[in-house]
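**Student:** pasting the structure only:
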């Protein structure tokens, strides 16, 4: 049995507007946000056909934004911030690999930054190498 969409009553909207001193539009948004958080259907939900189309289009797409759940079960989007220090270090390593010169004057070849904050790949004396950078977290207090 499918759930039906429950719309806010005018009494609920009035109470919300008076309590939060906001507009009707804000009160309606609050109602629908609460319905979505509860997992109840809304008039904005996609039907099965559209849901399938969205799934087909987004299949295999990488996500740079991760959804995390807090202690109360609410989901939040968390985007990783770029680390300028790591980028600078990797760039410096890549640039200075050209200075490496062996006894037989062999130079480093095929220098590739495969991840701007993590890894540099290169070939030296016919052997493929990777330099991987790890930023360690600060130790927790009391340890």
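**Tutor:** That came through, no problem. All of these numbers come straight from a predicted model, not from anything done at the bench.
**Student:** going forward, measure contacts between C-alpha atoms and count neighbours the same way
**Tutor:** Will do.
**Student:** would you map the strands across this protein?
**Tutor:** Ranges of strands in the chain, per DSSP state E, are 65-69, 75-79, 109-115, 119-124, 127-132.
**Student:** out of these, nearest to residue 34?
**Tutor:** Residue 34 sits nearest to strand 75-79 of all those, at 12.7 Å, using Cα to Cα.
**Student:** pull up the pairing partners for that closest one, direction included.
**Tutor:** strand 65-69 (antiparallel) (DSSP bridges).
**Student:** what about the partner strand, average pLDDT?
**Tutor:** Strand 65-69 shows a mean pLDDT of 66.
**Student:** buried residues, the longest helix along the chain. List them.
**Tutor:** Taking DSSP state H as the criterion, the chain has its longest helix at helix 24-38. For helix 24-38, the neighbour count (16 or more other Cα atoms under 10 Å) marks 27, 28, 31, 32, 35 as buried.
**Student:** hey, which helix or strand in the protein has the poorest pLDDT?
**Tutor:** The weakest-scoring helix or strand in the chain, judged by mean pLDDT, DSSP states H and E, is strand 65-69 (a mean of 66).
**Student:** follow-up on the earlier one: how about the strands of the chain in CSV, adding mean neighbour count?
**Tutor:** Shown next, in CSV, are the strands of the chain (neighbours: other Cα atoms under 10 Å):
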stretch, mean neighbour count
strand 65-69, 12
strand 75-79, 12
strand 109-115, 14
strand 119-124, 18
strand 127-132, 12
